[in-house]
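Trainee: Any chance you could fold what I've pasted below:
(6 chains, ligands or ions: 3)
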Amino acid sequence: MLAHAKMGITHMKWSKFCVFVCALMLLGLSGPAFAQSAEPVSTAEIGYVLNTLLVLVSGLLVAFMATGFSMLEAGFVRVRNVAMQLTKNIGLLAIATILYFAVGYGFMFPGGAWIVDGILGAFSTASHQPLDLEGVSVDVTRPALGADFFFQLMFCAATASIVSGAVAERIRLLPFLVFIALLTAVIYPIQASWTWGEGFLHSNFGFVDFAGGTVVHAAGGWAALAGIIVLGARHGKFSETHINPMPASNLTLATLGAFLLWIGWFGFNGGSLYMLHNEGSAANLSRIFINTNLSAMAGALAAMVVSRVMFRSIDLTLVLNGLLGGLVAITANPLNPSMEVALLIGAIAGVLVVQSIAWLEQRGLDDVVGAVSVHLVCGVWGTVAVVFSDDKANLIGQAVGIGVVGAFVFSLSFIAWIVLKYTIALRVTEEDEEVGLDLSELGQEAYPEFGTPREA
Amino acid sequence: MLAHAKMGITHMKWSKFCVFVCALMLLGLSGPAFAQSAEPVSTAEIGYVLNTLLVLVSGLLVAFMATGFSMLEAGFVRVRNVAMQLTKNIGLLAIATILYFAVGYGFMFPGGAWIVDGILGAFSTASHQPLDLEGVSVDVTRPALGADFFFQLMFCAATASIVSGAVAERIRLLPFLVFIALLTAVIYPIQASWTWGEGFLHSNFGFVDFAGGTVVHAAGGWAALAGIIVLGARHGKFSETHINPMPASNLTLATLGAFLLWIGWFGFNGGSLYMLHNEGSAANLSRIFINTNLSAMAGALAAMVVSRVMFRSIDLTLVLNGLLGGLVAITANPLNPSMEVALLIGAIAGVLVVQSIAWLEQRGLDDVVGAVSVHLVCGVWGTVAVVFSDDKANLIGQAVGIGVVGAFVFSLSFIAWIVLKYTIALRVTEEDEEVGLDLSELGQEAYPEFGTPREA
Amino acid sequence: MLAHAKMGITHMKWSKFCVFVCALMLLGLSGPAFAQSAEPVSTAEIGYVLNTLLVLVSGLLVAFMATGFSMLEAGFVRVRNVAMQLTKNIGLLAIATILYFAVGYGFMFPGGAWIVDGILGAFSTASHQPLDLEGVSVDVTRPALGADFFFQLMFCAATASIVSGAVAERIRLLPFLVFIALLTAVIYPIQASWTWGEGFLHSNFGFVDFAGGTVVHAAGGWAALAGIIVLGARHGKFSETHINPMPASNLTLATLGAFLLWIGWFGFNGGSLYMLHNEGSAANLSRIFINTNLSAMAGALAAMVVSRVMFRSIDLTLVLNGLLGGLVAITANPLNPSMEVALLIGAIAGVLVVQSIAWLEQRGLDDVVGAVSVHLVCGVWGTVAVVFSDDKANLIGQAVGIGVVGAFVFSLSFIAWIVLKYTIALRVTEEDEEVGLDLSELGQEAYPEFGTPREA
Amino acid sequence: MKLIISVIKPFKLEEVRTALSGLGVQGLMVSEVKGFGRQSGHTEIYRGAEYTVNFVPKLKLEIVVSDDQVESVVDTIAKTAQTGKIGDGKIFVLNVEQALRVRTGERDNEAL
Amino acid sequence: MKLIISVIKPFKLEEVRTALSGLGVQGLMVSEVKGFGRQSGHTEIYRGAEYTVNFVPKLKLEIVVSDDQVESVVDTIAKTAQTGKIGDGKIFVLNVEQALRVRTGERDNEAL
Amino acid sequence: MKLIISVIKPFKLEEVRTALSGLGVQGLMVSEVKGFGRQSGHTEIYRGAEYTVNFVPKLKLEIVVSDDQVESVVDTIAKTAQTGKIGDGKIFVLNVEQALRVRTGERDNEAL
Ligand SMILES: Nc1ncnc2c1ncn2[C@@H]1O[C@H](COP(=O)(O)OP(=O)(O)O)[C@@H](O)[C@H]1O
Ligand SMILES: Nc1ncnc2c1ncn2[C@@H]1O[C@H](COP(=O)(O)OP(=O)(O)O)[C@@H](O)[C@H]1O
Ligand SMILES: Nc1ncnc2c1ncn2[C@@H]1O[C@H](COP(=O)(O)OP(=O)(O)O)[C@@H](O)[C@H]1O
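Mentor: Ligands and ions are numbered 1, 2, ... in the order given. Model prediction:
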């Protein structure tokens, strides 16, 4: 058990504060204690409470995204792989939770304690603030440290969810979970520290990524891309002459998933504001909500139109992908763009999604849910688009950020996938793939009574 | 792109404030700036932050209603029309978002700038407040303008969702979306301006509709009624001798939808309080939650009993409709009624729903999900019931409000449907209807692997 | 209708406050009125507003749990009983809402007005605070009374939901609803008053149960256990030689339910803090979120591993049960444990769940969803585990609490089930059970088009 | 006795069944089949990739009748199931050697 | 060889299958059918409108056996599938001219 | 004419259908069946309790062909459906007395 007075949770931009707190702790925890009083409320504390509330509620909304990812993916795979897809999603949440606590959070927010300055943070485990904050002084313009940890954990899990959809229907459970462990403990947090943990992309290149267009979405997309390259396509997906569609088994579930992702995204982008302690932040939060929604809807509509024009009929799965593409694209900066620009960012994302899905398939890359198109392509687009409305961003900084994160995540992931492939094997056998992962790996069916004699 | 200092979002009761702000802007934006300081929190700002938080969170809850409508409707239609119903719901959200921003919000909240005084607002497009509210003074008893826009947009989308369920399973996608464009850009906002935008129903008749029993629900119901009259029943629904049921294809999905609507409704009614900046509003918000829930549950229970008595067995779809009827009925005033009265309002709604569903069917009106019974009948009932517990409302004012909104929405909608019918055609062919809209219009199945040979 | 000035909602620890308020009311409501002003915000009120907001939002999150229970249970039963399971869940919500308002809340929070001191509260009906709190003085360190009522109602409904899953697939609707009426009006509130309503377990034994590990979950589990004993197993479940599995019909739905329960649980545990008016409570709320999540995920992972080791393959339904077991186990005290201890509590719960499910089945007890294992076993475990991290709790007090609540709830429930069995009969006939409750009791199918000729 | 196997378009089921009832046919079995025939399937596009659905959903009726009913049953199905468009289906007649009603043990023509 | 087609109530499947295994029957096919017969369907009410479900869910068993097994198989099904209530089902016997086991190419009685 | 009933492994459908098209077979019906045979089912574990799934999912093909096509059709199915592993399925041939194309009223060989 941890001593309560030990404060292990640290955070970007908090380095000075942390030094201060550590000093206090060394001095025997005799610092001013704002929160011990039982009085109704001290004005100085309200900002802290409101910031915390914003970040916790936003974290819960991102938990809806985890639910949304699971439903979307379970709706996109064929019936025979549904239970496995759900199992993978719960498994990744569990692994992300435990490893981000034990390892990842420390790497991501070294709070000034770098092994390699600005690049590799020192190892540490997340821990609690003491009860009632007794004996600890806090920064009233920030949320509670615990709220921050909870929120950041959900981001880490979201990155992992991106991967699970792309590699569905043929990967074994164990190597998948091993990769997720690596991703959430090491790959994701280290690259994220460069941008959000006061690392070199932030400090030296002025790279701007408000809520994770690159740090979360493109990063997840790169890991997914490496995965589908190493793994290969589903058996039967590509024949010499043509592409064999393997239609999504449950479009209501997929749509439910997309709706939950849409709702959760307001927390993803809104919570990234990290403050709600004054009028300006309240107005900014509203603005983030509006822009997030406009971009999402423009993405959906654009995909609808493009799908109609290119393929003669509207494809609901592409509309869902367009919606999500719009959400990804606005993530790198949902605050600065005007409403018209937000619409434009989303609409372009909707076009990009449909085009890149077709493009990837033509290259024999089998991404079951379109994760690479949605998260990588639109994440990059959105990160570039930051320069249109944010004066603090410049094209070079953005390009460096996109490139560095991409190179790091893709190459590490690629190596990891390759190692897994040649050690414990990534794929199920062709026969098991034919039967489906539910029966072959879990011995279970997701819908045992549908489409088969009731009593058999 | 918009100049940030230009403030396009306006609102009811804000006319004076707007004049003030405009004056400030003309004076070079030299007004007092409350929000520029970096201090943790100024007491004067907290109300503004809390109001904004209430309205944004409520807006998100109404987004759950959008999800709920989609799931409910996809659960009520037959398997062959599920993907289309989902596509329509995403399409209507996209169109409502874009057109309410571009056109509707301006019509709804002209802020004193009327073309025809109290009746037709001047055209304008919604826009943002500047970042961090820099250079703008705000009304600290109100939420952020952006929060208001987000919340009102979700209301507009809810109105559109009501229509989509009623006309399901036979309408083509294009004319449906065209009608939604008209509804969300023009019909809904103009009538809403009369009650909520300082228009004549509010000013001259004292019409009271707290959260939209008439302005949203009855209005949506009228548009839906006009739609099913012009469109005609589903092929095969009514034979000379009897009514052919077309059972809901997925009751778990329908129930999930109803649950999400129930949860979202707390935001719909609660957010309409628009303030959470003092003890009184906190207590009132609690009261709204309690009454909303009591009415919903009384509606569900009443429908359960009535369905058992009238039809010898309980029909889950009617129980869901009863629950929703209870929610609609309390919407016109969820604040004033005592708990006992709230129960009564909901119970009567539950009875009305079941009775009116049977009544409509006997008249050959084919409302797939019971939208007219739930939203129009219970919306009217709830708007009348306001007089029982709110001294500010009177029967004449309520009757005028109900009548004027109904006449306007129904007649405009009726004309729109007729025009669409004789220009681009509303319905799919009988053969396509038989095959289902999913295959005939989208070339896609919602559940391709269920109930058919797995490999075929 | 209630006189608005009469304040019927009372609460634990509020006895003194209530006496004060009553005195005020007798004095003609001339007391200080904090909330009448229209000024933006008074610092004294903010705590009250924030506490209320926490409790209302948490109540909504628990409403997601109601949704989650319904989906989980509808996913675990076989197709033929799905519509009935949904109907039961809506029915229990309606009955809990109405009876907890009319009877239960008064029993649970007698506010010092006991019939038998510390054991049986005086009867009273919940009622509202006056609009805008006019003429009433409030405790600014508490949430609004109405928020408290709403939150507590959702807890009561959760207790009822636990029962519905266990007795699924064979119980008739009417006796089920009668039992729920008894549970929510009498059994649950009376025992809950002992711990949370200033009753004897709290006062005399120092029994600590932060968010209801025993008061809600074990209590619901005891009622469920009595139910499945009296009711007997599903026909065909146990033959002389072996146990006949009756696989869950819809694992996506079950997983969705588990995800919603997970999300809602943050409100269940977080809202039980009842305050968010200062820095300390904000930090504590964050801590509750973190611990709740860690325990849940440890439970899921442990169940995954145990299921793999014991049964050679991972069973998704057990993983879901493990997740829920972890959530139940941390409920009795989600605040004090360190992160490592929270992980341990959850992991042990995950093991217990799987083991006890097998144990119960071997004893011929047929619990369709594993409710007894999840809620009773893990509820008891979590209540014991409180002593590891909370100095205020001691093993004897905890044991007394667990024992007294268990004995009371189990014996009263057992008697109630027996009486129902020999009066109106609990079970459907064997033939109706074979056909399924959906057709035999409701005359309806949940998925009428799946697995049967489309046109038949 | 003869077994009449007939493939029809799904939406014709109710009409055929009613007509057969009129003829005094007391029982039949319906099953869902995927038909492959001259009426080729349609092409669908999923996420931009075109594919042909070769099979068309049909219903298969199986009816055992006494020898003297065969002619009228075949004619009735042929008439009511006809739309004149490709894919209307087929009727096949096979010989049945024995029949038995499980409930009563009645045999052959009495079992129908 | 004969093809025995049998319609039974769904919940009898396990019992019938076990009894047939006891007889040495090595294989069979089960399919889900909607039965129309003397056992008429039930009326359901959906949103207040009554309608008759004419079809009752049944299982169809298809078993090919050698000529000398026919009698015992028919009797066994007739006995185990019987409840005595209407709708118990039928058994039909048809002649089979050839049989072949795909795996080995064995023919006729050896293929069963 | 003959009715060829064939049980095959589901994943062989496309291959068999293509081969038959090559032979000039113009139509067939496919239905989903649960097969019971030498290839016993597998055991599954649900919540710790083991149980045997006795039935294996198979597809049943029904094809009516003229007498002179029987041999080649049976051979073709036997060849293409074969994997050599247990559970490959069976082929049965029955005599068909009449055939009729609903659309045109054509009879017998012309109806196929
Ligand atoms: N030789 C055959 N054997 C069995 N079934 C057949 C045969 N030919 C056709 N069918 C069935 O009849 C249906 C209709 O046949 P098709 O050739 O499409 O149209 P038509 O009968 O109008 O020429 C097919 O979908 C198939 O199910
Ligand atoms: N003539 C028939 N041809 C084919 N199947 C039949 C025939 N008559 C009955 N059946 C099947 O047998 C089932 C039971 O028959 P039914 O008349 O309801 O009861 P019973 O056999 O007890 O008289 C029916 O549901 C139907 O599937
Ligand atoms: N006597 C039979 N009558 C009808 N169908 C049979 C018979 N024997 C086997 N089948 C079907 O053929 C399938 C394959 O048979 P099986 O005995 O498992 O393998 P194999 O044919 O390779 O020996 C079974 O699943 C069943 O559907």
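
Trainee: Give me the pLDDT value at residue D:89.
Mentor: Looking at residue D:89, its pLDDT stands at 94.

Trainee: List the residues that contact the nearest residue to it once chain neighbours are set aside.
Mentor: Nearest residue to residue D:89, sequence neighbours excluded (CB to CB, 6 or more residues apart in numbering or on different chains): residue D:7, at 4.0 Å. Bear in mind the C-beta positions are built from the backbone N, C-alpha and C, glycine included. Residue D:7 sits next to D:33, D:35, D:58, D:59, D:60, D:61, D:89, D:90, F:29 when contact means CB atoms under 8 Å, 6 or more residues apart in numbering or on different chains.

Trainee: what would those look like in TSV with distance to residue E:15 and neighbour count?
Mentor: TSV is the format used below for the contacts of residue D:7 (distance: CB to CB, whole Å; neighbours: other CB atoms under 10 Å in any protein chain shown):
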residue	distance to residue E:15	neighbour count
D:33	28	25
D:35	34	24
D:58	32	26
D:59	29	25
D:60	27	22
D:61	28	24
D:89	35	27
D:90	35	26
F:29	29	23
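
Trainee: any idea how far the residue of chain D found nearest ligand 3 lies from residue D:41?
Mentor: Nearest to ligand 3 in chain D, going by CB to the nearest ligand atom, is residue D:31, at a distance of 15.4 Å. Counting by CB to CB, to the nearest Å, the gap from residue D:31 to residue D:41 is 19 Å.

Trainee: Likewise for residue A:127?
Mentor: Taken as CB to CB, the span from residue A:127 to residue D:41 is 62 Å.

Trainee: between these two, which one's more packed in?
Mentor: residue A:127 (23 against 17; other CB atoms under 10 Å in any protein chain shown).

Trainee: wouldn't that one be in contact with residue C:342 here?
Mentor: No. Using CB atoms under 8 Å as the test, residue A:127 is too far from residue C:342 to be in contact (11.5 Å).

Trainee: what's the average pLDDT for the host helix or strand of the residue of chain D closest to ligand 3?
Mentor: Assigned by DSSP states H and E, residue D:31 falls within strand D:28-36. Confidence for strand D:28-36, expressed as mean pLDDT, is 92.

Trainee: now for that strand, which elements pack on it?
Mentor: Here strand D:28-36 touches helix D:13-22, strand D:56-65, strand E:28-36, strand E:56-65, strand F:28-36, going by 3 or more CB pairs under 8 Å, 6 or more residues apart in numbering or on different chains; DSSP states H and E.

Trainee: Show me the one of these that comes nearest residue B:335.
Mentor: With CB to CB, the closest approach to residue B:335 among these belongs to strand E:56-65: 51.8 Å.

Trainee: I'd like the next helix or strand past that closest one.
Mentor: helix E:70-80.

Trainee: one step back: for burial, what's the neighbour tally of the residue of chain D closest to ligand 3?
Mentor: Residue D:31 has 22 nearby residues by other CB under 10 Å.

Trainee: Please apply the same query to residue A:107.
Mentor: The number of residues near residue A:107, taken as other CB under 10 Å, comes to 24.

Trainee: go on, residue D:82?
Mentor: Residues near residue D:82, counting by other CB under 10 Å: 18.

Trainee: Would you state the helices of the stretch 251-400 of chain A in chain order?
Mentor: Applying DSSP state H, counting those that start in this stretch to the stretch 251-400 of chain A gives helices spanning A:251-271, A:279-311, A:316-331, A:339-362, A:371, A:378-389, A:395-423.
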